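**Q** sequence first, predicted coordinates after that:
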Amino acid sequence: MNLTSDQVIFWQHGFLKLNETIVTTWVMMIVMAFGAKLITHALVIEGAASRWQASLEIVVTTLEQQLEDVGLSETGKYLPFLGTLFLFVAMCSLCIVIPGYKPPTGSLSTTAALALCVFVAVPLFGIREQGLGSYLKTYTQPTLIMLPFNIVSELSRTLALAVRLFGNMMSGVMIVGILLTITPFIFPIVMTALGLLTGMVQAYIFTILAAVYIAAATAVPKPKLQPQAVPEPKH
Amino acid sequence: MDSNTVIAVASIVTAGLTIGIGSAGPALGEGRAVATALTSVAQQPDSSSTITRTLFVGLAMIESLAIYCFVVSMILIFANPFWNHVIAQAGGK
């Protein structure tokens, strides 16, 4: 049994390998890009919108609302990045209803790439909002002693993002695979349904965590409040 | 017992222990988190959306600990580097 879809290699030429993960990722990307193009080429503002447009609008407005709730006020700046992450992870886990499909997010290389995107994007957004010096200063908050801990937390949360998504998706595939050898009749379907649920939750979690990290990095530090005069107690 | 058997036994037993012990702690933690969140929702239904969102994020954080243990035990069973080393040596002879 293969642990990940990386081990299924279709074509190999020296150093270059074409494994199942890459093929599935590219197919997903093409389907999503052309699907979005097809849906959005005939948008209507007034009158009856098509079903596809309505469903896309639901996705976009829900994402915007969620990002606003997390604390990203100008959602327009962050929606392209975070929305792409959400849609990719969600589509990858939705497609497990297709027989023979293995989610590309069930491979550590894909999830590590996604987590690295977040790892790079967070300082970029932070520097854009606060400026370089002010952003770097947040690493020494609250005191200078916390500097190594802040750096370690930056690295460890990237690792956590990657391994969490990988573990969840891989465990879904693995459990269905094991159940197929034990009780091949009903149980795999139940576990696949559960996998759909956990897949959506993981997509949500991944996006929300990235949004929280970006919100923390872009928050402009508030000026310290002046100590106010304490009113004299009346006798 | 030759080294083959030792590695096989150690890997299998450790994989079981890893997932067994490693899922007990996060299970307790998640139970506490959900119980507290339910109490909060019952007391303040208005802020249920905020509580639910924070709960989901927190649950994912806690659950990732169990997922780490699961990944380690899966590696021990299906992609064990020591086992692969022994197999490669046996094949070389």
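**A** Alright, I've got the coordinates. Numbering: from 1, shown residues only, chains lettered A, B, ... in the order given.
**Q** what's the spacing between stretch A:159-167 and its chain's center?
**A** Computed by C-alpha atoms, centre = their mean, to the nearest Å, the chain-centroid distance of stretch A:159-167 equals 11 Å.
**Q** apologies, that question was intended for stretch A:2-13.
**A** That offset, for stretch A:2-13, works out to 24 Å (C-alpha atoms, centre = their mean).
**Q** what's the burial count for residue 73?
**A** Went with chain A since none was named. Close neighbours of A:S73, defined as other C-beta atoms under 10 Å in any protein chain shown, add up to 10. C-betas here are computed from N, CA, C, even on glycine.
**Q** not quite, go with chain B.
**A** As a burial measure, B:S73 scores 21 neighbours (other C-beta under 10 Å).
**Q** would you mind measuring from the closest residue to it other than its chain neighbours to chain A?
**A** In this structure, B:S73 finds its nearest non-sequential neighbour in B:A15, 4.0 Å apart by C-beta to C-beta, 6 or more residues apart in numbering or on different chains. Using C-beta to the nearest C-beta, to the nearest Å, one gets 13 Å for the distance from B:A15 to chain A.
**Q** what is the helix or strand containing A:T158 packed up against?
**A** A:T158 is part of helix A:147-182 when elements are defined by DSSP states H and E. Counting by 3 or more C-beta pairs under 8 Å, 6 or more residues apart in numbering or on different chains; DSSP states H and E, the packing neighbours recorded for helix A:147-182 are helix A:75-94, helix A:108-130, helix A:187-218, helix B:48-78.
**Q** again, 6 Å this time
**A** helix A:108-130, helix A:187-218, helix B:48-78 (3 or more C-beta pairs under 6 Å, 6 or more residues apart in numbering or on different chains; DSSP states H and E).
**Q** and the angle for the strand or helix carrying B:P26 with helix B:48-78?
**A** Using DSSP H and E, B:P26 falls within helix B:3-43. Interaxial angle of helix B:3-43 relative to helix B:48-78 (axes from the mean of the first three to the mean of the last three C-alpha atoms, to 10 degrees): 170 degrees.
**Q** by contact count, what packs against helix B:3-43?
**A** Judged by 3+ C-beta pairs under 6 Å, 6+ apart, helix B:3-43 is in contact with helix B:48-78, helix B:81-92.
**Q** ok, of these, where does mean pLDDT dip lowest?
**A** When these are ranked by mean pLDDT, helix B:81-92 comes last with a mean of 82.
**Q** can you give me the offset of that one from its chain's centre?
**A** 27 Å.
**Q** repeat for stretch B:86-93
**A** Offset of stretch B:86-93 from its chain centre (C-alpha atoms, centre = their mean): 31 Å.
**Q** what does stretch B:50-57 rub up against?
**A** Stretch B:50-57 is contacted from outside by A:208, B:37, B:40-41, using C-beta atoms under 6 Å, 6 or more residues apart in numbering or on different chains.
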